[in-house]
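Novice: Prediction below, plus the sequence it came from.
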Amino acid sequence: MSLTIRRIEQASYAGKGNARYILWDNKPRGLGLRVLPSGRKSFVLSYRNTAGLRRLISLGDLGVLSLEQARHQAEDELRAIRRDHTDPLAQKRSRQLEARTDTVQALFEAYLADRKPKREAALRSTANLYILPEFGKRPWREVRRSEVRAWHQGIKRTYAANRALQAMRAAIYWRLWQEDDSAGEREGKRDTRNPCAGVPLRPEYARQVRLEIGDLPKLESAIDSKVADPYVRALFRFLLATGARRGEALKLKWADVTLQGTACSVTFRDTKAGGDRLVPLSALALRLLKSLPKIDGNPFVFAGHRAGEALSGVVKAWERVRAEAGLPHLRIHDLRRSFGSWLGDEGFSSKQIGTVLGHRTDITSRVYMALGDESKRDAVNAVQRLMRRRRK
């Protein structure tokens, strides 16, 4: 049955739920009037592309297009498909993609919005510090590999340079995949259209800085003298007592803390290694958490100054602490490294240490089945005993 003006005017949605509902025309075949549950009507065209896949493209709303105009436009599209082997829907999507990813900055924003990576805040910070000042306003297709190589080498800090290169490379690969589903970079093959492909990472060397147990008293003294906020003081000591990552500790909520009974523990949610991780509490860590007041309306253990929010911005406080303690190279993450190395000093194996710290490796995955809560509790208690001995 062909479409008529009367049939179009009388058409109403007759689908089930939100299912697609289209009245088809036969002049030409493939033209249709789509009716939405809201009553909105638009002309659509159904066709097959060169791969034989059925596609549906919108031609325009009723009112913007008349029936005769829609028929002429549909005939033009069908002739072009047959003559030029084009795919109007693919071309439309390509134009839309090009419009929202024309510059490096626009591309990076679209990449983050589409992928929603776990480390979005860190990626944004990397982009704002290193990528966008250099390339942000440039069309991404005009960036050359030689420019990327020079930029990467010009970033002073090796770690920051490599993370910036990896972030930009991933964003551009995402853009290429959106365009044509290219396989992109994999072992033995790189997509040379990506200007970051083939630019090698700079050599990185693992930091060996740790807090020597003999320096613990002066660090704790510095924490007491240079930090007024009780939650910041407690955070630093909690990291020392558990080996937790700073980000995991800052996100810790009281709902995930057990302070009573024999199974005193905390559960870190959505960890870097994936999933949740339960960590037993030593008596030292237990007393520390029990001493922290809970704030009404704030679910976080380490509460921030803003209502209902977690603690943030502890780096400046840490800089004061390490300067006072005479440990200028000690970073907050080094407390976690120190915790693991102290366990090594006490005779714990790398498997046990990896289990307590939640490292994501094949070996660690296997020992999760062999080492239960008691093994992990022995480990955190060993660090507590070591800390107590050196305070005396």
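Specialist: Right, received. Where do you want to start?

Novice: pull the longest helix from this structure.
Specialist: helix 158-180 (DSSP state H).

Novice: quick one: the strands in the protein?
Specialist: 22-26, 29-35, 41-48, 54-61, 257-258, 265-268, 277-280 (DSSP state E).

Novice: average pLDDT for the fourth one?
Specialist: The reference is to strand 54-61. Mean pLDDT, strand 54-61: 92.

Novice: and that strand, how far from the chain's centre?
Specialist: The gap between where strand 54-61 is centred and where its chain is centred comes out at 35 Å by CA atoms, centre = their mean, to the nearest Å.

Novice: Counting neighbours, which bits of it end up buried?
Specialist: With burial defined by 16 or more other CB atoms under 10 Å, the residues of strand 54-61 counted as buried are 57, 59. Glycine gets a C-beta too; all of them are placed from N, C-alpha and C.

Novice: Partner strands of it and their direction?
Specialist: Paired neighbours of strand 54-61 in the sheet (DSSP bridges): strand 41-48 (antiparallel).

Novice: can you redo the strands of the chain as JSON lines with distance to residue 105?
Specialist: Listed next are those as JSON lines, based on distance: least, CB to CB, whole Å:
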{"stretch": "strand 22-26", "distance to residue 105": "39"}
{"stretch": "strand 29-35", "distance to residue 105": "36"}
{"stretch": "strand 41-48", "distance to residue 105": "33"}
{"stretch": "strand 54-61", "distance to residue 105": "29"}
{"stretch": "strand 257-258", "distance to residue 105": "41"}
{"stretch": "strand 265-268", "distance to residue 105": "34"}
{"stretch": "strand 277-280", "distance to residue 105": "36"}
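
Novice: ranking these by mean pLDDT, which is last?
Specialist: Minimum mean pLDDT among the strands of the chain: strand 277-280, a mean of 86.

Novice: Residues touching that one, excluding its own?
Specialist: Strand 277-280 is contacted by residues 242, 244, 248, 263-268, 271, 356, 358, 373, 376-377, 380 when judged by CB atoms under 8 Å, 6 or more residues apart in numbering.

Novice: Now list the buried members of these.
Specialist: Buried members of the contacts of strand 277-280, counted by 16+ other CB under 10 Å: 242, 244, 248, 264-268, 271, 356, 358, 376-377, 380.

Novice: nearest to residue 112, of those?
Specialist: residue 271 (21.2 Å; CB to CB).

Novice: May I have the phi/psi pair for residue 252?
Specialist: Main-chain dihedrals, residue 252, degrees, to the nearest 10: phi -60, psi 130.

Novice: Not counting sequence-adjacent ones, nearest residue to it?
Specialist: Excluding the flanking residues, the one nearest residue 252 by CB to CB, 6 or more residues apart in numbering is residue 301, at 4.6 Å.

Novice: now swap in residue 105 and tell me
Specialist: Spatially, and ignoring its direct neighbours in sequence, residue 105 is nearest to residue 136 (4.0 Å; CB to CB, 6+ apart).

Novice: can you pull the contacts of that neighbour?
Specialist: Counted by CB under 8 Å, 6+ apart, residue 136 has contacts 103-105.

Novice: Take those residues and keep only those in helices.
Specialist: Using DSSP H, those in helices are 104-105.

Novice: With distance to residue 84 added, can I get the contacts of residue 136 in CSV?
Specialist: Formatted as CSV, the contacts of residue 136 follow (distance: CB to CB, whole Å):
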residue, distance to residue 84
103, 30
104, 32
105, 34
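
Novice: What about the contacts of residue 136, which one has the most neighbours?
Specialist: Counting by other CB atoms under 10 Å, residue 104 has the largest number of neighbours within the contacts of residue 136, with 25 neighbours.

Novice: hang on, that residue packs against residue 143?
Specialist: Yes - between residue 104 and residue 143 a contact is recorded at 6.8 Å, counting by CB atoms under 8 Å.

Novice: residues shared between the contacts of these two?
Specialist: residue 135.

Novice: Can you give me the distance of residue 79 to residue 159?
Specialist: Taking CB to CB, to the nearest Å as the measure, residue 79 falls 57 Å from residue 159.

Novice: Sorry, slip of the keys, the one I care about is residue 351.
Specialist: Residue 351 sits 27 Å away from residue 159, going by CB to CB.

Novice: Repeat that for residue 322.
Specialist: Distance of residue 322 to residue 159, given as CB to CB: 19 Å.

Novice: okay, the two: which has more neighbours?
Specialist: Counted by other CB under 10 Å, residue 322 and residue 159 do not tie: residue 322 has more neighbours, with 20 against 12.

Novice: list the contacts for the more buried one?
Specialist: Residues near residue 322 by CB under 8 Å, 6+ apart: 219, 222, 328-330.

Novice: How many neighbouring residues does residue 108 have?
Specialist: 28.

Novice: make that residue 40, sorry
Specialist: The number of residues packed near residue 40 is 12, by other CB under 10 Å.

Novice: wait, isn't it in contact with residue 64?
Specialist: No - counting by CB under 8 Å, residue 40 does not reach residue 64; the two are 11.6 Å apart.
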